[in-house]
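>>> no FASTA, just this:
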Ligand code: FE
């Protein structure tokens, strides 16, 4: 009996403490903090948000390619692994830019979900890759991403001399882009050369190598 009374008292005390700890600040209440430190312009902020979508979009595209090569009827585990890895890298790029944007006090009032939403692809084509066309597509995709990073750099440099962001994009992002694209182009060359001498066996051997 004493045990039951003790437990009841303990539970009531816990309930009281939990009620005290409940956050009573309404979610839409804004903290009044100085805004002067937020100095990214709207034009540059919008361009950065677009780049986040581009990175997330590239991640989806790689995921689609990886899933294709993973199927039992295609069975190219090397290609699948390469593109799963690329998908993770692109997602990581998107995350890093979100972290950068929020570090600079980027305005997300129109909704966080819009930041990572990628326009739905309307084309109803059935993807059908072989190794060469997949690598070719990857090189083209990386080239487009590089182009859009360069455009972002130009926008943020011209609009507000935002050298911190420009430096980050040039030193971290472009460096990775150049290396990654070169790697894919090299793989494409090797596979093409192998196909010239080994025909259809080449893709199987190349996949093993991956
Ligand atoms: Fe990227």
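The structure has been received and is ready for your questions. The structure presented is a predicted model; accordingly, all values stated were derived computationally and were not measured.

>>> How about the residues of this structure by the ion?
55, 90, 93 (Cβ under 5 Å from the ion). Heads up, the C-betas are built off the backbone N, CA and C, glycines and all.

>>> Between the residues you listed, which sits nearest residue 135?
Among the residues of the chain next to the ion, residue 90 lies closest to residue 135 (Cβ to Cβ), at 16.0 Å.

>>> helix/strand/coil for residue 35?
Secondary structure assignment for residue 35 (DSSP: H, G, I helix; E, B strand; the rest coil): coil.

>>> pLDDT below threshold where in this protein?
1-30, 119-126 (pLDDT under 70).

>>> let's see 90
Low-confidence segments of the chain (pLDDT under 90): 1-36, 39, 106-129, 159-160, 200.

>>> So which residue is dead centre in it?
Nearest to the geometric centre of the chain sits residue 91, at 2.3 Å (Cα atoms, centre = their mean).

>>> isn't that one right up against residue 61?
No. Counting by Cβ atoms under 8 Å, residue 91 does not reach residue 61; the two are 11.5 Å apart.

>>> which helices and strands does the helix or strand hosting the residue nearest to the centre of the chain pack with?
Using DSSP states H and E, residue 91 sits within helix 77-103. Using 3 or more Cβ pairs under 8 Å, 6 or more residues apart in numbering; DSSP states H and E, the elements in contact with helix 77-103 are helix 42-70, helix 112-116, helix 131-160, helix 201-209.

>>> what's the burial count for the residue in the chain positioned nearest to the ion?
Evaluated by Cβ to the ion, the chain has residue 93 as its residue closest to the ion, separated by 3.7 Å. The local packing of residue 93 (other Cβ atoms under 10 Å) involves 23 other residues.

>>> Nearest residue to it in space, please, no chain neighbours.
In this structure, residue 93 finds its nearest non-sequential neighbour in residue 55, 4.3 Å apart by Cβ to Cβ, 6 or more residues apart in numbering.

>>> who touches that neighbour in this structure?
Taking Cβ atoms under 8 Å, 6 or more residues apart in numbering, we find residue 55 in contact with 90-91, 93-94, 97, 145.
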